[in-house]
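K.L.:
Any chance you could fold what I've pasted below:
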Amino acid sequence: MGNTNKTAGGWGFLALELDGVARAADGDTAGGASALAAAVLAAESAGFHAVTFKDSPVEGRLNALQRAAFAGPLTRSLVLIPEVDTAYTEPFHASTQLASLDYVSGGRAGWIATAEDDPAAAAAVGRSYVAGDGLALEAAASIEVSRRLWDSWEDDAVIRDVASGRYLDAGKLHYVDFDGPGYSVKGPSIIPRPLQGQLPVLVPASLAGAGLVEPSAVDAVLVSAPTAELLAEEIRDVRERLGGGSPAVVVELDVVLDARGQGAAQRLGDESAIGKPGSGGTDGARRAGFAGSAAELADLLTEVLEVADGVRLHPARFDVDFEELSRLVLPELRRRGVLAPVPQDGTFRDLLGLERPASRYAATAVGN
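P.N.:
Have a look, this model is predicted:
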């Protein structure tokens, strides 16, 4: 099956999950900052297109959005995509923080919008617990209000008119007047429109569809399957379910490689050697896993990228598997012409082949 949503300039892109990085060691008062800095610079040097930041709680570690913001000024081409929950995170704050990330990264920010099914998370912020389809409704509302807030400043709202003493043209800031599930947002935002206009938004495929998050509201969906052999079939099913003009498809894949004299099967049997392997996707479903050699992984990724737009790799142990990925897998994929070029001084929208959108409010000035 051919992929009609290919990224600009090539077959697809590779994103690397950094969840195993920057776990603060004893006596580390910087929250693992040095390890995170080394990891993002290594990923960029190796030629990954993007890194993602899972928001699983780890004592002494910054949250996903903070880690991404830290990485912004350190990198030049690497796309930075944190997970930010929509069920129990105030959407106004999430929207403004993501816009700030787009500025500090020079337009290289994205957002994996998750919806956490966790009573403890609800209790921590004093919210009622949400489950089932209610999570998708929370996600849809959070994405919509964030997009409205990103548009609430027109691109030329900042005028810096010294003669009149005006920093802003107030007529180019707009109310968003959004009523969500249990909250309302008046707007406008407190930060100018992001450099990309709209950050690309990714959601788990299970949250997207009729009556859930509308496919037109997102730019990519995250797809996985119980086994790697079922990925192609799952991608086809998702594309058919979401209909024509569906968002880009990004596959999630756990990876354990032959490394440092140990076979992948041996490493899988020795949990102390690889840490606890991730088996749950962003929607809690089982994530496809690969265990084998770098050459076999290159073959699998070549097949997957024939039908998907990108792959998000979850290494079992970052320091070990990254060596094999950067030394053997990425060079082989580039030799085969499978990967899109890494945009230099480009944006995440550029990588996805998306144009920069105009503000929805640009032609409808609101008086203040």
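K.L.:
Can you report how many residues neighbour the residue nearest to R260 when sequence neighbours are not counted?
P.N.:
Using C-beta to C-beta, 6 or more residues apart in numbering and skipping the chain neighbours, the partner closest in space to R260 is V320 (6.2 Å). Placement of C-beta: from N, CA and C, glycine included. For V320, the count of nearby residues is 20 (other C-beta atoms under 10 Å).
K.L.:
can you check T75 too?
P.N.:
If we define neighbours as other C-beta under 10 Å, then T75 has 19 of them.
K.L.:
how much space between the residue lying closest to it once chain neighbours are set aside and N63?
P.N.:
Take T75 and drop its neighbours on the chain: the residue closest to it by C-beta to C-beta, 6+ apart is E44, 5.2 Å away. Remark: distance between E44 and N63 (C-beta to C-beta, to the nearest Å) = 22 Å.
K.L.:
do E306 as well
P.N.:
Taking C-beta to C-beta, one finds E306 at 36 Å from N63.
K.L.:
Can you pick out the residue with more neighbours from these two?
P.N.:
N63 (19 against 16).
K.L.:
And the more buried one, its phi and psi?
P.N.:
phi -70, psi 170 (degrees, to the nearest 10).
K.L.:
Could I get the contacting residues of it?
P.N.:
Contacts for N63 (C-beta atoms under 8 Å, 6 or more residues apart in numbering) come out as D55, P82.
K.L.:
So for it, what's the pLDDT?
P.N.:
Note on N63: pLDDT of 92.
K.L.:
Same question for G261.
P.N.:
89.
K.L.:
what about it, distance to F322?
P.N.:
From G261 to F322 the distance is 17 Å (C-beta to C-beta).
K.L.:
ditto for D179
P.N.:
Taking C-beta to C-beta, one finds D179 at 45 Å from F322.
K.L.:
who has more neighbours, the two?
P.N.:
The residue with more neighbours, out of D179 and F322, is F322; 24 against 10, by other C-beta under 10 Å.
K.L.:
And the lowest mean pLDDT element among the helices and strands of the protein?
P.N.:
None of the helices or strands of the chain scores lower by mean pLDDT, DSSP states H and E than helix 271-274, at a mean of 50.
K.L.:
chain center to the helix or strand just after it, what's the gap?
P.N.:
Sequence-wise, the next helix or strand downstream of helix 271-274 (DSSP states H and E) is strand 288-292. Put simply, strand 288-292 sits 22 Å off its chain's centre (C-alpha atoms, centre = their mean, to the nearest Å).
K.L.:
Can you give the contact residues for strand 288-292?
P.N.:
So strand 288-292 is contacted by 224-228, 230-231, 251-258, 264-265, 267-268, 277, 279, 296-297, 300 (C-beta under 8 Å, 6+ apart).
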